[in-house]
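**Student:** predicted model, plus sequence, below.
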Amino acid sequence: MTVISVAALVVQLMSAGGAGAQGEQAAGRERGDPGSVSTNLSALKSEVTSLSERFKAARERRRLQAEQEKQEWEREPKTPASPGRE
């Protein structure tokens, strides 16, 4: 599993209340309601997709920023060497 998948899984588990969840979600698990499993799985898949897209966008922004910084550095005038040292 990738880091993003693990993070999405942890978020999903935390939002579901974990193993000791009470109420409607716990009752659904006790009954073995297959609808809640597929609903949770599809929600998890969409969350992983969303996180993956956000990660790719952030990586692309960082790449563009690094490229821009490199171009700015290359355009800066270079300081000449000291006159006494050749």
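**Tutor:** Yep, it's here.
**Student:** pLDDT (mean, whole number) over the top helix by length along the chain?
**Tutor:** Using DSSP state H, we find that the single longest helix of the chain is helix 34-75. Mean per-residue pLDDT for helix 34-75: 91.
**Student:** cool, stretch 78-86 as well?
**Tutor:** 63.
**Student:** could you dump stretch 56-67 to PDB, C-alpha only?
**Tutor:** Only the C-alpha atoms of stretch 56-67 are listed here, as PDB (Å, rounded to 0.1, in the frame of the first residue of the first chain):
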ATOM      1  CA  LYS A  56       0.000  15.200  -8.000                       C
ATOM      2  CA  ALA A  57      -1.000  18.800  -8.200                       C
ATOM      3  CA  ALA A  58       1.200  19.700  -5.200                       C
ATOM      4  CA  ARG A  59       4.100  17.900  -6.800                       C
ATOM      5  CA  GLU A  60       3.600  19.700 -10.100                       C
ATOM      6  CA  ARG A  61       3.400  23.100  -8.300                       C
ATOM      7  CA  ARG A  62       6.700  22.300  -6.500                       C
ATOM      8  CA  ARG A  63       8.300  21.200  -9.800                       C
ATOM      9  CA  LEU A  64       7.300  24.500 -11.500                       C
ATOM     10  CA  GLN A  65       8.500  26.500  -8.500                       C
ATOM     11  CA  ALA A  66      11.900  24.800  -8.600                       C
ATOM     12  CA  GLU A  67      12.100  25.400 -12.300                       C
END
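**Student:** ok, the residue lying closest to Leu9 once chain neighbours are set aside - contacts?
**Tutor:** Once flanking residues are discounted, Leu9 sits nearest to Leu44: 6.8 Å by CB to CB, 6 or more residues apart in numbering. From N, CA and C alone the C-beta is placed, and that goes for glycine too. Applying CB atoms under 8 Å, 6 or more residues apart in numbering, one finds that Leu44 lies in contact with 8-9, 12.
**Student:** of these, buried ones?
**Tutor:** Ala8 (16 or more other CB atoms under 10 Å).
**Student:** which of the contacts of Leu44 lies closest to Lys70?
**Tutor:** Taking CB to CB as the measure, Lys70 lies nearest Ala8 of the contacts of Leu44, at 33.4 Å.
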